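Enquirer: let's see this in three dimensions:
(one chain, ligands or ions: 2)
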Amino acid sequence: MKFRLFLSREACEEYAQEMEKLAYSLLELISLSLGLPAERLNSFFKDQTSFMRLNYYPRCPNPRLALGVGRHKDSGALTILAQDDVGGLEVQRKTDGEWIRVRPTPHAFIVNVGDVIQVWSNDKYESVEHRVMVNSERERFSIPFFFNPTHSVMVSPIKELINEQNPEKYKVYNWGKFHTTRNLSNFKKLNVENVTFIILGCLKAQLFD
Ligand SMILES: O=C(O)CCC(=O)C(=O)O
Ligand SMILES: [Fe+2]
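Expert: Ligands and ions are numbered 1, 2, ... in the order given. Here you go, the predicted structure:
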């Protein structure tokens, strides 16, 4: 995939509209896979707070000293990522903590399940931890589309998925408040490597207070 450096507003709007359609299709498939009606989750996105980002990672002579994107989990519902052929995205394998390179596949998107779907599905789906390494020889471009719920949505495990054998693992939280607080803090105030993980951990911990 080749990216032009300057994208027009119209192109960005058109791209976002297409991503939104794709995101709804994926959401419906996820809903079906959980044994729910296809459109069960759609209403959470009526005035969605989705956005896209144009990422540029310049070449770096000493990649070990530079931060592409530090380790994190995406906090929204789904991320649909387009990337060029340079590579640099890595996901952490849960079994041994090893960072695995995600090899770019031509004409394919990478789809991340975010924390919101992890909570809705009560851990049936897991939000993957990932990071981006920079490259000493080539610059890199990527375009993530973050498919996020409406600001006022209260996120908690979907009640149809909860029963005695599968009690809810998360307390309810407000998506908009959570997202704004996280963005405003810009990860500065917490001296930890992985803020999302800690926050999800806190939500889980509260359950057992
Ligand atoms: O550029 C990438 O490959 C991923 C960026 C990313 O993880 C993010 O913006 O959340
Ligand atoms: Fe990410």
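
Enquirer: is the residue in the chain that ligand 1 sits nearest to bridged to anything, and to what?
Expert: Ligand 1 sits closest to residue 142 of the chain, with a gap of 3.5 Å, by CB to the nearest ligand atom. The C-beta positions use only the backbone N, C-alpha and C, and glycine is treated the same way. Here residue 142 sits in beta bridges with residue 55, residue 83, as judged by DSSP bridges.

Enquirer: contact partners for it?
Expert: Applying CB atoms under 8 Å, 6 or more residues apart in numbering, we find residue 142 in contact with 55, 57, 81, 82, 83, 84, 89, 132.

Enquirer: test my guess that the second one contacts residue 135.
Expert: Looking back up the chat, that one is residue 57. Yes: in this structure residue 57 lies within contact range of residue 135 using CB atoms under 8 Å: 7.2 Å.

Enquirer: tell me, what's touching these two both at once?
Expert: Taking CB under 8 Å, 6+ apart as the contact rule, residue 57 and residue 135 both touch residue 88.

Enquirer: compare these two (neighbour count), which wins?
Expert: A side-by-side neighbour count of residue 57 and residue 135, using other CB atoms under 10 Å, places residue 57 first with 21 against 18.

Enquirer: tell me who's in contact with the closest residue to that one other than its chain neighbours.
Expert: Sequence neighbours aside, residue 140 is the residue nearest to residue 57 in space, at 4.2 Å (criterion: CB to CB, 6 or more residues apart in numbering). Contact analysis of residue 140 by CB under 8 Å, 6+ apart lists 55, 56, 57, 83, 84, 86, 87, 88, 134.

Enquirer: pick the one among these closest to residue 122.
Expert: residue 83 (30.7 Å; CB to CB).

Enquirer: what about residue 125, neighbour count?
Expert: Using other CB under 10 Å, residue 125 is surrounded by 17 other residues.
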